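**Student:** Got a predicted structure here, sequence first:
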Amino acid sequence: MVIQEVQKTWIEKDNIVIIGKLSVRANKPNLNNWGYNLLLRKESELDEYGNWWLVWFSDSPLSSNHTLAEHYPIDMPDFLKEYEYGRGNIMHVRSMGLKSVEEKDIDEILEKLFV
């Protein structure tokens with residue numbers, strides 16, 4: 001018999017408070033559904049405000065769902081499953097990127113929105 005404690009999900013481990021989606025829909029084929037998922041993460045219980053993080057997904061060229069967008073966001077509840085795959089480094093036809101929001105990221109988002 002094996003007894004094991006229930007493991008926390010990556011959402012719980014990363015102290016994620018809010019999950020959002022930023023998606024740009026444009027007439028240009030390579031910008032259709034371009035965007036990020038937005039996460040508000042608290043570094044600790046004492047962290048009053050948290051930090052914003054960007055999460056994006058891209059498909060393998062071998063995937064039947066391959067899109068021309070550089071990266072794209074995912075709707076809930078599929079995001080929860082894909083985030084677990086991405087953070088758990090499970091081999092998958094979809095890859096995930098994750099980084100904290102920087103000023104240059106905001107500039108890139110605004111450029112995509114207004115060009």
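**Tutor:** Looks like it came in fine.
**Student:** So for residue 14, what pLDDT did the model give?
**Tutor:** For residue 14, the pLDDT comes out at 93.
**Student:** same thing with residue 75?
**Tutor:** 91.
**Student:** Please identify the buried residues of the one helix or strand residue 83 maps to?
**Tutor:** Using DSSP states H and E, residue 83 sits in helix 78-87. Under the neighbour-count criterion of 16 or more other Cβ atoms under 10 Å, helix 78-87 has 79, 82-83, 85-87 buried. To be clear about C-beta, it is placed using only N, CA and C from the backbone, and glycine gets the same treatment.
**Student:** same thing with stretch 35-42?
**Tutor:** 35-39, 41.
**Student:** now swap in stretch 87-95 and tell me
**Tutor:** For stretch 87-95, by 16+ other Cβ under 10 Å, it's 87, 94.
**Student:** How far does it stretch from one end to the other?
**Tutor:** End-to-end distance of stretch 87-95 (Cα to Cα, to the nearest Å): 10 Å.
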